[in-house]
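Student: Give me a 3D structure for the following:
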Amino acid sequence: MADDEIDLSSRLSDLRSLGSLTQSLDKSAASFGKSITNAFAKGIIEGKRFEDVLRSVGRSITETLLKSALKPLQSSLSSLLGTGIKGLTGLFGGVGLGGGATAPVAAFAEGGVIASPAYFPLGRGLGLMGERGAEAILPLSRGADGKLGVRSSAETRRPLNVVVQVSTPDADSFRRSEAQVSAAIARAVARGGRAL
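Tutor: Just a heads-up that it's a prediction; the model follows:
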């Protein structure tokens, strides 16, 4: 039963496609007939020889067939050129495009994410980013050692102040707890270094 429904649906779709194709052929035939009739009428009115009229009709037929044959190529090329122009305007984003229009500029000085493929200028050519999915842009900076790289916020060392207040009844008890105090200070410094 389900197979019959699928088969019927498929056949209905085929019939609709055939109907659309038939309408397209009817329009083409009407245009073709009109073109031939116009060529004959023009030739007769202008008093041309029958041979010249036939040549004119032949050229008209050839032109009509050639235009219809090249229509898919034309639409493909226009789509390709449109995509190329979009890519170029994206490549030079923010550059004046004439007529007062400008393409938007996305600044990534603080970093960011590229979610879809995009072209960018690279040396004397083009680079492509985001071709396999989202990509992160991370700002580079020089460390105290002069090396260029990505720095985490924890690496930006701030002065660390540790205040230890020890109150003991006498100096001997302070000496006995000196190891404990030293260990507590070391733990506090380590936690501060990890930005905890």
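Student: Show me how the record splits this protein into domains.
Tutor: 2-90, 107-139, 152-193 (automatic domain parsing).
Student: got any ranges where this protein has weak pLDDT?
Tutor: Along the chain, the model assigns pLDDT under 70 to residues 1-9, 15, 79-104, 152-160, 162, 193-196.
Student: From the centre of it, point out the most distant residue.
Tutor: Centroid-distance maximum for the chain: Asp170 at 73.8 Å, with Cα atoms, centre = their mean.
Student: Dump the domains of the chain to JSON lines, plus distance to Asp145.
Tutor: For glycine as for every other residue, the C-beta is placed from the backbone atoms N, C-alpha and C. Output for these, formatted as JSON lines (distance: least, Cβ to Cβ, whole Å):
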{"stretch": "domain 2-90", "distance to Asp145": "38"}
{"stretch": "domain 107-139", "distance to Asp145": "18"}
{"stretch": "domain 152-193", "distance to Asp145": "11"}
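Student: follow-up on the earlier one: any figure for the gap between the residue farthest from the centre of the chain and Ser177?
Tutor: Per Cβ to Cβ, to the nearest Å, Asp170 is found 11 Å from Ser177.
Student: what's the answer for Ser28, then?
Tutor: 102 Å.
Student: Residue nearest the middle of the protein, spatially speaking?
Tutor: Pro117 (4.1 Å).
Student: What are the boundaries of the helices in this protein?
Tutor: 2-45, 50-91, 171-176, 178-193 (DSSP state H).
Student: quick one: which of these is nearest Gly143?
Tutor: Among the helices of the chain, helix 178-193 comes nearest to Gly143, with 15.4 Å by Cβ to Cβ.
Student: Send me the closest one as CSV with only the CA atoms.
Tutor: Below are the C-alpha coordinates for helix 178-193, written out as CSV (Å, rounded to 0.1, in the frame of the first residue of the first chain):
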residue,chain,number,x,y,z
GLU,A,178,57.9,29.3,61.4
ALA,A,179,57.6,26.3,59.0
GLN,A,180,53.8,26.5,59.1
VAL,A,181,53.8,30.2,58.3
SER,A,182,56.3,29.7,55.5
ALA,A,183,54.2,26.9,54.0
ALA,A,184,51.0,29.1,54.2
ILE,A,185,52.9,32.0,52.5
ALA,A,186,54.1,29.7,49.7
ARG,A,187,50.5,28.4,49.1
ALA,A,188,49.2,32.0,49.0
VAL,A,189,51.8,33.0,46.5
ALA,A,190,51.2,30.0,44.3
ARG,A,191,47.4,30.6,44.3
GLY,A,192,48.0,34.2,43.4
GLY,A,193,50.2,33.2,40.5
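Student: quick one, what contacts Gly133?
Tutor: Contact analysis of Gly133 by Cβ atoms under 8 Å, 6 or more residues apart in numbering lists nothing.
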